[in-house]
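>>> here are the coordinates; sequence isn't available:
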């Protein structure tokens, strides 16, 4: 049924095991710098916007006041910086 010139059928596990690649150094540096930069930018602009809107937020009817919003911005920023560090070394 199969001739010797046809490619060998490989299982999915074997194909995943053989499919290993490594990025070039410039790709790692660019990717990690992008994530770290985005994390720093989101922290800076997020906290700046919170300071500008603090009066309106405190007067609003929502239960999410300044503390939880600061925690959200810090969490997102820390996650992005963490991804950048992970990208640099993995």
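Arrived safely, thanks for sending. Just so it is clear, the model here is predicted, and its values are computed rather than measured. Residues are numbered from 1 along each chain as shown.
>>> find the least confident helix or strand in the chain, judged by mean pLDDT.
One helix or strand of the chain scores below all others by mean pLDDT, DSSP states H and E: helix 12-18, with a mean of 76.
>>> give the buried residues for the helix or strand residue 48 falls within.
Using DSSP states H and E, residue 48 sits in helix 25-59. Residues 32, 35, 36, 38, 39, 42, 43, 46 are the ones in helix 25-59 that count as buried (16 or more other CB atoms under 10 Å). Yep, even glycine has a C-beta here, placed from its N, CA and C like the rest.
>>> now whichever helix or strand comes after that helix: how far from the chain's centre is it?
Remark: after helix 25-59, the chain's next helix or strand is helix 66-89, criterion DSSP H and E. Taking the mean of its C-alpha atoms, helix 66-89 sits 9 Å from the chain's own mean (CA atoms, centre = their mean, to the nearest Å).
>>> same for helix 66-89, what does it pack against?
Helices and strands touching helix 66-89, by 3 or more CB pairs under 8 Å, 6 or more residues apart in numbering; DSSP states H and E, are helix 25-59.
>>> now do the helix it packs on and helix 66-89, the angle between them.
Calculated by axes from the mean of the first three to the mean of the last three CA atoms, to 10 degrees, helix 25-59 forms an angle of 180 degrees with helix 66-89.
>>> tell me which other helices or strands helix 25-59 touches.
Applying 3+ CB pairs under 8 Å, 6+ apart, one finds that helix 25-59 makes contact with helix 66-89.
>>> find the nearest non-adjacent residue to residue 88, please.
Distances taken as CB to CB, 6 or more residues apart in numbering put residue 32 closest to residue 88, at 3.8 Å, once the chain neighbours are dropped.
>>> hang on, I meant residue 87
Among residues not flanking residue 87 along the chain, residue 32 sits closest, at 4.3 Å (CB to CB, 6+ apart).
>>> mind listing residues that contact stretch 32-46?
By CB atoms under 8 Å, 6 or more residues apart in numbering, the surrounding residues in contact with stretch 32-46 are 73-74, 76-85, 87-88.
>>> can we see that at 7 Å?
Contact partners of stretch 32-46, identified using CB atoms under 7 Å, 6 or more residues apart in numbering, comprise 73, 74, 76, 77, 80, 81, 83, 84, 85, 87, 88.
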